[in-house]
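> Show me the folded form of this:
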Amino acid sequence: MGNQKTAVALGIFDGVHIGHRAVLSAAADRRADGLEPCTFTFPPESTVNKGAEGYIYSQSEKSAILSDECGIRRVISPDFSEVCGMDGESFARDILCGELNAAFVCCGNDFRFGRGASCGIEELRRYGKKYDFSVMAVDDVYCCGERVSSTLIRRLIADGDMERAALFLGAPYMILKDVSRGAQLGRTIGFPTANQLFPEGQLVPRFGVYASETTAGGRTYSSITDVGVKPTVSYGGTPLAETYIHGFSGDLYGSPLQIRLKCFIRPEMRFGSVDELKRQINADIESAINIL
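Numbering: from 1, shown residues only. Below you'll find the predicted structure:
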């Protein structure tokens, strides 16, 4: 990074919720002092525990939020296995001081680092004095009387409570993934859809239909998004989001598409005929437009 001094936000930042954003803002605000705002984090795929609910956002989704919404100029995200064996002082000396040239470091009160999570904020302050960077611990953030946490937000997303999740996230829940080529059944009934696959390990929202907003070609459209598992050979049972974008026409295959889930409309349903399905899709579109 040359001689550029940095302000480094430390954390996993899964979900980049309003508690995380308080930490990230502390780093971003130091641009006024000539420091480059950075974050040191880990890819969610390397930190999720087996049997856990899954991570909220993929690495690409998280990075987009960090840069586009939080003012972070550089995201450093090594695999967890690369640094988990370092002791606390080595992390401060080699990573924060050596690699990142940190002049300012911020984190949440409960941030842990060093082999076996053996170090906390007091050790970080001690190493800061030794290696010439200041340290700021950011207090927990509360919303609606509850401490904001990724665990709470995962539960809300799994329940399909997108309005409440948005309060804690600081923005509506986002899907930002490449559009996959599916069975193209929607085209045959007049409702072409964009399909996005959830990778293994990522938390999948409650199955069902959502009012959503889709950004494509620099414009935002009202849309409906069906989250679930389609029993087709194309997907092999992988959960996906299937979105019909009201008023949009164009080819989206192979490019990333941003969907924001705003409100749960209904659970998944089985239909006895194509006409019944088309009537329900029209009803869902009308519901979504009224909601949005």
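
> what's the neighbour count on residue 154?
19 (other CB atoms under 10 Å). Quick note: C-beta positions are derived from backbone N, CA and C, even for glycine.

> Just the buried positions in the helix or strand where it lies, please.
Using DSSP states H and E, the element containing residue 154 is helix 150-158. Using 16 or more other CB atoms under 10 Å as the test for burial, helix 150-158 gives 150, 152-154, 156-157.

> For that helix, give the mean pLDDT please.
Across helix 150-158, the average pLDDT comes to 95.

> try stretch 210-224
For stretch 210-224, mean pLDDT is 92.

> could I have that stretch exported to CSV, CA atoms only?
Provided in CSV are the C-alpha atoms of stretch 210-224 (Å, rounded to 0.1, in the frame of the first residue of the first chain):
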residue,chain,number,x,y,z
TYR,A,210,-41.9,-11.5,-1.9
ALA,A,211,-42.6,-8.0,-3.1
SER,A,212,-39.2,-6.9,-4.3
GLU,A,213,-37.3,-4.1,-6.1
THR,A,214,-34.8,-4.9,-8.8
THR,A,215,-32.1,-2.7,-10.2
ALA,A,216,-31.2,-3.4,-13.8
GLY,A,217,-29.6,-1.2,-16.4
GLY,A,218,-29.4,1.7,-13.9
ARG,A,219,-33.1,1.7,-13.2
THR,A,220,-35.1,0.3,-10.3
TYR,A,221,-38.3,-1.8,-11.1
SER,A,222,-41.1,-3.2,-9.0
SER,A,223,-40.8,-7.0,-9.0
ILE,A,224,-41.9,-10.2,-7.4
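
> now it, how far from the chain's geometric center?
Averaging C-alpha positions (CA atoms, centre = their mean, to the nearest Å) puts stretch 210-224 18 Å from its chain's average.
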